[in-house]
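S.K.: Here's my sequence, what's the structure:
(chains A, B, C and D)
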Protein chains: 4
Amino acid sequence: MNFDHVNIPGKLVPDYYLKLGLAAQRGKQRSFKELLEKRKLPENGWPDKQIEELVHLLASLDSNNYPHKIGLGEREARIACKLVARRHYNFGHGIGRSGDLLEAQPKAAGSTLLARLTNALILDLFRGIGLPSCAGCFLVPMCTGMTLTLCLQSLRKQRPAAKYVLWSRIDQKSCFKAITAAGLEPVIIPCLIQGESLDTNVDLFREKIMSLGVESILCLYTTTSCFAPRNSDDIAEVSKLSKQWQIPHMVNNAYGLQAKNIVHKLEWANRVGRIDYFVQSCDKNLLVPVGSAIVASFNKNLLQHVASTYAGRASGSQSLDVFMTLLSLGRNGFQLLIERRSENFLYLREKLKKFAQLRGEIVLDSRFNSISAAITLATIAGDQKESITQLGSMLHTRGVSGARVIVPGQDKSIDGHEFVDFGSHRTDLKVPYLTVAAGIGISREEIDKFFDIFGRCWNKLFQNKNVKTKSLPETID
Amino acid sequence: MNFDHVNIPGKLVPDYYLKLGLAAQRGKQRSFKELLEKRKLPENGWPDKQIEELVHLLASLDSNNYPHKIGLGEREARIACKLVARRHYNFGHGIGRSGDLLEAQPKAAGSTLLARLTNALILDLFRGIGLPSCAGCFLVPMCTGMTLTLCLQSLRKQRPAAKYVLWSRIDQKSCFKAITAAGLEPVIIPCLIQGESLDTNVDLFREKIMSLGVESILCLYTTTSCFAPRNSDDIAEVSKLSKQWQIPHMVNNAYGLQAKNIVHKLEWANRVGRIDYFVQSCDKNLLVPVGSAIVASFNKNLLQHVASTYAGRASGSQSLDVFMTLLSLGRNGFQLLIERRSENFLYLREKLKKFAQLRGEIVLDSRFNSISAAITLATIAGDQKESITQLGSMLHTRGVSGARVIVPGQDKSIDGHEFVDFGSHRTDLKVPYLTVAAGIGISREEIDKFFDIFGRCWNKLFQNKNVKTKSLPETID
Amino acid sequence: MNFDHVNIPGKLVPDYYLKLGLAAQRGKQRSFKELLEKRKLPENGWPDKQIEELVHLLASLDSNNYPHKIGLGEREARIACKLVARRHYNFGHGIGRSGDLLEAQPKAAGSTLLARLTNALILDLFRGIGLPSCAGCFLVPMCTGMTLTLCLQSLRKQRPAAKYVLWSRIDQKSCFKAITAAGLEPVIIPCLIQGESLDTNVDLFREKIMSLGVESILCLYTTTSCFAPRNSDDIAEVSKLSKQWQIPHMVNNAYGLQAKNIVHKLEWANRVGRIDYFVQSCDKNLLVPVGSAIVASFNKNLLQHVASTYAGRASGSQSLDVFMTLLSLGRNGFQLLIERRSENFLYLREKLKKFAQLRGEIVLDSRFNSISAAITLATIAGDQKESITQLGSMLHTRGVSGARVIVPGQDKSIDGHEFVDFGSHRTDLKVPYLTVAAGIGISREEIDKFFDIFGRCWNKLFQNKNVKTKSLPETID
Amino acid sequence: MNFDHVNIPGKLVPDYYLKLGLAAQRGKQRSFKELLEKRKLPENGWPDKQIEELVHLLASLDSNNYPHKIGLGEREARIACKLVARRHYNFGHGIGRSGDLLEAQPKAAGSTLLARLTNALILDLFRGIGLPSCAGCFLVPMCTGMTLTLCLQSLRKQRPAAKYVLWSRIDQKSCFKAITAAGLEPVIIPCLIQGESLDTNVDLFREKIMSLGVESILCLYTTTSCFAPRNSDDIAEVSKLSKQWQIPHMVNNAYGLQAKNIVHKLEWANRVGRIDYFVQSCDKNLLVPVGSAIVASFNKNLLQHVASTYAGRASGSQSLDVFMTLLSLGRNGFQLLIERRSENFLYLREKLKKFAQLRGEIVLDSRFNSISAAITLATIAGDQKESITQLGSMLHTRGVSGARVIVPGQDKSIDGHEFVDFGSHRTDLKVPYLTVAAGIGISREEIDKFFDIFGRCWNKLFQNKNVKTKSLPETID
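M.R.: Okay, the predicted model is just below:
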């Protein structure tokens, strides 16, 4: 709605004042036009009210918001609770059409526009931050693990005879379960231990391909973002194998979009080899609430397979979150977040090194990990595993979320597969360690506060150990 | 936060006035206490502000909302856009823990509470409306089709050798794709044609079980809610087969929760036979935006399998919608919606019969369908399929969403499976028809307006046919 | 903003779906156009989102919302707190221009439009509910009392030599203080006691005019809405005096807009005599928060005097409330509220009569009061004034707000003027009574609940009296 | 509401997680307790959600929000439109009680708390920024002019025989109309012209006191904040007169709170003389929407007179705005705004001087004005008044609001009083000038952009003049 064809009487407002007001709208109107016609991420973020105006406008194009709608089907985006309608800006129809996430929804022109614009903006973002070859991408309103499963399911439709997934071990539960959820057979490729760090065992990948046979292998499956001391997988080399043997290659890029070197590695790997899909979490990269992921590919046709594997119409709520966030940040806002994260990671690692040096520990070498760092916990509590575990709890109680303590001997079984020393990505862990990460959005103040708290907890535990008394239960203060 | 331990000076407000105000809070406090301790749906709906107060309170228990949180992991529910944070009431952590939808999330006591309370309220609702034997249920933030896939995936973990899914044909795309998405082999059981209506071919189910062999069959798969003239499947008889042969039985109850007789049939079928999972859409039964479903079972242990098949942490947005909606409606509000729907369906069918009678058409008999009804379109346009299709478009243009025109000869291929006369649930459709439905939330006014529009469109098409002129393009007015 | 000149690519949404969505906007666009061009209250209320869309649009015309505003003055509607900006829809400039409430504000075309449209809608409402001769009106963002003061101040500018205000006694503090606040001399005209009811002493008005001299009298000042047993003033007769002697006449119509007979009396009184200003509360008639009033007149020129007496730029918040409320109700919604109030008043009075009859009390006759009714409290507690006062407190404690207990002997001094038996509008009150009112928005359920509580309190007090024990302190339960 | 007495079952959430969440609430609870018990402005601003939580909690103490309220009076804060209720956080009762702005409202403990807390926080702010002797203050929900009128009205009650107000001329309409609105007689004291600046003519004040007689003078009336080249009045000297002759002294401190030297002058003037009331605008100092003011005094008793002059119950909306803003800024946030403004004023004046120098103009000396500065427009357009006026319009069109052009010969009559050269505060203006101001909230970027625009407009006009062509109409682009 606007005042274009309204003859506002001079009685209501002097013409000159009105003209100034209307003129001021033109810039806004231009940015709307540009967004819809060019489908590019704006350079600068939009103010909140402008974002909401567009969102409201889009919602008004959905049939449930027509003034005279008559719903004679099973249900027509009726929303019973006004608070719910309000928080969804009156969107109700979701995205896609039964059985295809990318199809237009006949009852919902606005939702369709929202979903497709969001995908277009994400693509523009991808290309701008170092993935110029990215051919397409789309948001899936499911977590990263389930989205990986969806990719595997769509690959199975293409290679019905294959059942093995060759997976470079990473000790994160849901990315492994993505394989078993799809009813496929994981073939675990242990990491190559190089000094203190863990790298991709490319040779073993090759051996497995040869021993199992190309036809029986659904895909190679690697991971870019992980906790130190595991390094980002050597996706370039795995991509070459993929290309050479014509086996699909899927990359779990969970929170890799925020790291420039990972992004560049993706672009490079595709150039020298083959990546079919790379999947990333929205919440971990785009700072929205948990619950959605992005499937991207360097080959547009491959995406349609995944979209049409989704059986039903999906929630539009996650697209809305990403849409609003991208408009709010703009390209520059996102770039700034990436720059800051990068600086803060270096800051974190440096402080960690100093912290380690003073206490006779070391920061584990993991040069191909630009998000996470790990510090050994060798001196703190001798053989007492409890003390180490207690450290994690102490940090948590003091508001430090995300720091993880890894101790030897924590075995775990997932869907019938045994993982020795789970959490360490290896089977022969000797020294416990603590891993921290500098994710997007982290601030220098948080890092400083962390070291303050970490130091105090350390001292407390160290003291306890030396006076040989049992450490007291840590109360919540 | 409250004023319990605050000594508000009399200078600020006279003690007597304050006491009245504080006393008025007690009822509210009681209802909060009761909700959390008893986990039952309130009899009467809560006012909006009370719902929001509880939601805000829950959100404040999540670590991202702690005043002094320090996030040193990959990402800690940081939300970049204030509008997004606001619309999620500052929830950001999602629900579940990597690889289990029902686990508590250590970083998010509030989100955990929200998700579990929501599931408890849904269970209480289920039991109250006719499913006293329901042992448990939980919300899955994916569409119904993908949730059916999730159930199939979890059944496969239990029966790894089985690959067939015996499915009573229903022409709705995503419930069929739920099978192929899981990489399983659908065995289509055509409907039994009884006069004008379509029923479950129980004998054919039995034959297929015997011919394929019990071990190779993953499950029997039926549907309760569908468009007329297909009837609700005879789930009692299929349940008996399931029990007899010890083959799991999954029921697609997409929008069946709103129909009392379907609900009672579920309860009864389980008593005389076996139902492992029944799955329903949240948007179609609970009037929330599209994008979530509920898995329920009469056997609590079976649910855990499904929950732990979800690979990752899921969106909490859908739980929030259902939570707010249930509190807003209360048990009585939901009951009222069910009663009204039931009356309005009868009203719709009666009017449809009168409409048919006057025009030489009939309402197809489908007595076991209490949501949808179908009217033949035999006289309207002779052999001109275009005229019939045009009717659908005319209705749509005039704001009627949800009415569907079915014409003979519309074949369709889904994932390599051919469906003759797709949409009609049969392979020998002769007469085109229109199907309408009275879903929950429908009003009598909508029905009246529909017949007004339907009549006008009919007349227009009928006239066109008789004057033998080409019908004019229907403009959007 | 709209999509008029945007070429949305078919890639984003199929043209046909989009057209349907755009077509659905036309009705809305038409209602916007009509509202702004015709400036009439819509027949039916608008949905919330349509109201908000217009409000946002208006706000975007104010200079503080221009994307590139540069404020080099003392302050340019900068709003520090986002929550405040949000709740005011980014309006900040207020209404009017220093020293005239009705002037356009050069920095704020949107605020100007909002304020003037609001006044136009109010005028249309006035004319529609029985005041066709009303020549103009405007909202003043001050309470009714201060608005009456503003009218008196503007009359003084016209009659600088006059100092007396002839005021028909009504025991409501602020309407009396309206006179003293203006620095004028009130001349109190006691009511005429007619049986149980209190009427305007027209003869005394006439006598005072003659004794004080026309030139020294600023205006005659009457009141329409009041608590029983005082009746609405006989404004027709006072209007005749006003016309005859050419003395201005101001009517305090605080909550009279909601009563049809008062509205008709105003129209009639002006026809047979003279009313300069009549002033009504927004909150009491239009169901908005406390804090604004409407000055209306049958003579347009007189309004300008009042508007230009306001020294400064005023808050626009109250206009916004009334604007949104009127659009939300529409003419029909407001009419319905008036009808219901009228019925509920009769219902209340009937129940009160039955209540009285059963307990040996009477409902005081006040036939010219169609909003309030009074019941004697003669038998309840003998001479014990405390018991009577306690009744008020008991009712208040139980959630009954607005019922007032009047007991003899409550004298009060206001700005040097003594009022014997304050609250009763007379000086010789013998029997205590309770007064209740059926204001706009009251529901039948509230009335029923009131009588339930009233009965229980009555019985408790009555019992206490008869057992001659001191009544127990009433706790808040 | 909180979880204090709720036994949340471990089934819903593990006890340990819950404890962390509850512990995190304690800091918030402490800040609530401290705010209410100490009534001091918090050092640091609160986050939005904490502010809203408190506001909701306060609103729930008002009787219109009691779950079982029964309104039997004329109206009980019923709010018809949900959007209106929402934007007022369900507050509806306003503040004060008929005829006293400071009284508690029996039906509204929450509104009462809100209003009084707001006044307490403002007082704490005043004392903290340089007014330690301030004895009290309160917000009046009317503009500054009407609030000055209210003070005059209350002074008249104390000095009924007096009618003159001795007013140091300042050409701002509403502060003059504040006198005539009250029905009082202004005695205009022209400014003393000192070189280029305009100062208070203290001698003339003294002469007028002697010639009119102390008894006939209601008060002396000065102004602190004004547009250059007028200086802030010499309130110290006028205060001495006030004390000496025992005549009340009222200071219009419209936007003076933001300037440290004005604040200090107020404190000093009261120490050496007498100030009865000083009045400031909320919007101009506290960055809220237009429409409220603060009356403050060094003598607490004097405030009660003003509060009880307000005839009615007032809007609480303005108190809510100030309350939320103060909590959002905190003491430090407000201090920072003051510091920045001060720096930006110096920056503005310096740039203006350079601009003037380059163009053969001067910045008028007004050393006792620390908010506004004026530059002559002598060379730009010779005798063409139109060109000068056009400059104002050109700036306005380009988004510069608040810059004012003053030209000789603009006479004006206000309520029968003639002002020669209105706008210039003098009667013999020779050279036109432009005045700009650095109000609170201004940014350096705005100043830079202003000079950019100013320069371009200047050049355009200058060129036009020299080529002796008529300047073209400036279109809105």
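S.K.: ok, now how distant is the residue in the stretch 101-250 of chain A positioned nearest to chain C from A:Ile122?
M.R.: Here the residue of the stretch 101-250 of chain A nearest chain C is A:Ala109; by CB to the nearest CB that distance is 3.9 Å. For every residue, glycine as well, the C-beta is placed using N, CA and C. According to CB to CB, to the nearest Å, A:Ala109 stands 20 Å off from A:Ile122.
S.K.: hmm, back to that, confirm for me that the residue of the stretch 101-250 of chain A closest to chain C is in contact with A:Asp62.
M.R.: Yes. Between A:Ala109 and A:Asp62 there is a contact under CB atoms under 8 Å: 6.8 Å.
S.K.: intersection of neighbour lists for these two?
M.R.: Common contacts of A:Ala109 and A:Asp62 (CB atoms under 8 Å, 6 or more residues apart in numbering or on different chains): C:Gly21.
S.K.: What segments of the stretch 1-150 of chain A are strands?
M.R.: For the stretch 1-150 of chain A, the strands defined by DSSP state E, counting those that start in this stretch occupy A:70-71, A:136-140.
S.K.: Unless I misread the structure, A:Pro186 falls within a strand.
M.R.: Yes. Residue state for A:Pro186 (DSSP: H, G, I helix; E, B strand; the rest coil) corresponds to a strand.
S.K.: Report the beta-bridge partner residues of it.
M.R.: Using DSSP bridges, the bridge partners assigned to A:Pro186 are A:Val165.
S.K.: Report the contact partners of it.
M.R.: Residues near A:Pro186 by CB under 8 Å, 6+ apart: A:Tyr164, A:Val165, A:Trp167, A:Phe176, A:Ile179, A:Thr180, A:His417.
S.K.: what about the residue lying closest to the fifth one once chain neighbours are set aside, distance to chain B?
M.R.: Once its chain neighbours are removed from consideration, A:Ile179 has its nearest residue in A:Pro186; the separation is 4.4 Å (CB to CB, 6 or more residues apart in numbering or on different chains). For A:Pro186, the distance to chain B (CB to the nearest CB, to the nearest Å) stands at 12 Å.
S.K.: How confident was the prediction at A:Pro186?
M.R.: A:Pro186 is assigned 98 on the pLDDT scale.
S.K.: hang on, the earlier thing: and for the residue of the stretch 101-250 of chain A closest to chain C, the neighbour number?
M.R.: 29 (other CB atoms under 10 Å in any protein chain shown).
S.K.: quick one: it from A:Leu57, how far?
M.R.: Going from A:Ala109 to A:Leu57 by CB to CB gives 11 Å.
S.K.: Backbone torsions only: list them for A:Ile217.
M.R.: Main-chain torsions, A:Ile217, degrees, to the nearest 10: phi -100, psi 120.
S.K.: Now do the same contact list for the residue nearest to it when sequence neighbours are not counted.
M.R.: In space, and not counting its chain neighbours, A:Ile217 is closest to A:Tyr164: 4.8 Å by CB to CB, 6+ apart. By CB under 8 Å, 6+ apart, A:Tyr164 lies in contact with A:Leu184, A:Glu185, A:Pro186, A:Val187, A:Leu212, A:Ser216, A:Ile217, A:Leu218.
S.K.: how about a cut-off of 10 Å?
M.R.: A:179, A:184-187, A:208-209, A:212-213, A:216-220, A:247 (CB atoms under 10 Å, 6 or more residues apart in numbering or on different chains).
S.K.: Scan these and report the most crowded one.
M.R.: Of all these, A:Leu220 has the most neighbours under the rule other CB under 10 Å, reaching 30 neighbours.
S.K.: That residue belongs to a helix, doesn't it?
M.R.: No. A:Leu220 is assigned strand when assessed by three-state DSSP, not a helix.
S.K.: and it, how far is that from A:Pro186?
M.R.: To A:Pro186, A:Leu220 is 12 Å away according to CB to CB.
S.K.: what is in contact with the two at once?
M.R.: Both A:Leu220 and A:Pro186 are in contact with A:Tyr164, A:Val165, A:Leu166, A:Trp167, where contact means CB under 10 Å, 6+ apart.
S.K.: what's the closest of these to C:Leu18?
M.R.: A:Val165 (41.7 Å; CB to CB).
S.K.: who's in contact with A:Lys82?
M.R.: B:Asp48, B:Met324, B:Ser328, C:Asp48, D:Lys82.
S.K.: Tell me which residues of stretch A:73-93 come out buried.
M.R.: By neighbour count on 16 or more other CB atoms under 10 Å in any protein chain shown, the buried set for stretch A:73-93 is A:73-81, A:83-85, A:87-93.
S.K.: Now narrow the residues you listed to whatever sits close to chain C.
M.R.: Among these, the residues lying close to chain C (CB under 10 Å from any CB of the partner chain) are A:Ala85, A:Tyr89, A:Asn90.
S.K.: And the pLDDT at the residue of the stretch 51-200 of chain A found nearest chain D?
M.R.: Proximity of the stretch 51-200 of chain A to chain D (CB to the nearest CB) peaks at A:Lys82, 7.7 Å away. Predicted confidence (pLDDT) at A:Lys82: the value is 96.
S.K.: Is chain B within reach of the strand or helix carrying A:Arg456?
M.R.: Following DSSP states H and E, one finds A:Arg456 within helix A:444-466. Yes. Helix A:444-466 comes into contact with chain B (CB under 10 Å from any CB), by way of A:Glu445, A:Glu446, A:Ile447, A:Asp448, A:Lys449, A:Phe450, A:Phe451, A:Asp452, A:Ile453, A:Phe454.
S.K.: Indicate the residue of the stretch 251-400 of chain A located nearest to chain D.
M.R.: A:Thr397 (6.6 Å).
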